[in-house]
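Undergrad: Okay, structure incoming, though there's no sequence with it:
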């Protein structure tokens, strides 16, 4: 009888050890996967050389892409998030649409609530006139910006859905690079 109890006790101990080992292995695996995903979401796989300067930005809203050019050559493309209501051009304040048209980068905000922000010269005279004929406010403060301060850890995951009020959003690492290579008054073309 004593031998049977010893056998049961040892079997239970082995089962507990296997369970602990499996749990530990699962935790280690989970941390490894999470670390890999975080690294991939926050890594700039193709950084631009330090002295690079661009001369044009092109946004393709339907493709959720922002491309930068120098001398007609495409240097890099970033995936972006847009306004919550991305289809169609911005018509009025509060419609949560990203504008369409040709604008300029006319200002910078290093103290933005969204890491860094490059201000787009929206609204144009045409945008203002179109809204005025309907008696509406056209809106303002359209930017290319990073993630909300304190949320940079989201990295590339922010692009899973359009979430801005009409701006164009990049990861913090991407806006840092774009900020560095974009001279003031650079043209930006935003297409449907």
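TA: Happy to help now that I have it. It should be emphasised that the depicted structure is a prediction, and the values quoted were computed from it without experimental measurement. Numbers count the residues shown, from 1 in each chain.
Undergrad: need the strands for this protein, in chain order.
TA: Ranges of strands in the chain, per DSSP state E, are 56-60, 65-70, 73-79, 101-109, 117-120, 143-145, 168-169, 187-191.
Undergrad: Tell me what angle the third one forms with strand 56-60.
TA: When you say that, I think you mean strand 73-79. Per axes from the mean of the first three to the mean of the last three CA atoms, to 10 degrees, the angle that strand 73-79 makes with strand 56-60 is 40 degrees.
Undergrad: do the second one as well
TA: Computed by the same axes, to 10 degrees, the angle separating strand 65-70 from strand 56-60 equals 160 degrees.
Undergrad: Tell me the strands beside strand 65-70, with direction?
TA: strand 56-60 (antiparallel), strand 73-79 (antiparallel) (DSSP bridges).
Undergrad: next one: that strand to chain centre, how far?
TA: 15 Å (CA atoms, centre = their mean, to the nearest Å).
Undergrad: Would you mind listing the outside residues contacting that strand?
TA: Outside of strand 65-70, the residues within contact range by CB atoms under 8 Å, 6 or more residues apart in numbering are 52-60, 74-80, 144, 168, 170, 178, 181-182. Every C-beta, even on glycine, is put in place using the N, C-alpha and C of the backbone.
Undergrad: The same query, at a cut-off of 10 Å, please.
TA: 48, 52-60, 74-80, 82, 144, 168-170, 174, 177-178, 181-182, 186-191 (CB atoms under 10 Å, 6 or more residues apart in numbering).
Undergrad: Could you pick out the buried ones from the residues you listed?
TA: 48, 54, 56-59, 75-76, 78, 80, 82, 144, 168-170, 174, 177-178, 181-182, 186, 188, 190 (16 or more other CB atoms under 10 Å).
Undergrad: Could you list the domains of the chain?
TA: 1-43, 56-191 (automatic domain parsing).
Undergrad: tell me the contacts of the most centrally placed residue in the chain?
TA: The centroid of the chain falls nearest to residue 170 when counting by CA atoms, centre = their mean (3.2 Å). Contacts for residue 170 were tallied using CB under 10 Å, 6+ apart; they are 66, 78-81, 114-116, 118, 144-147, 156, 158-159, 176-179.
Undergrad: are any of those residues buried, and which?
TA: Buried, going by 16+ other CB under 10 Å: 66, 78, 80-81, 114-116, 118, 144-147, 156, 158-159, 177-179, out of the contacts of residue 170.
Undergrad: Okay, and which of those residues map to helices?
TA: Taking DSSP state H as the definition of helices, the buried ones among the contacts of residue 170 contribute 177, 178, 179.
Undergrad: Rebuild those residues as a markdown table, extending it with distance to residue 127 and pLDDT.
TA: Shown next, in a markdown table, are these (distance: CB to CB, whole Å; pLDDT from 0 to 100):
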| residue | distance to residue 127 | pLDDT |
| --- | --- | --- |
| 177 | 29 | 96 |
| 178 | 23 | 97 |
| 179 | 25 | 97 |
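Undergrad: Just put these in CSV and tack on distance to residue 18.
TA: Formatted as CSV, those follow (distance: CB to CB, whole Å):
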residue, distance to residue 18
177, 48
178, 52
179, 53
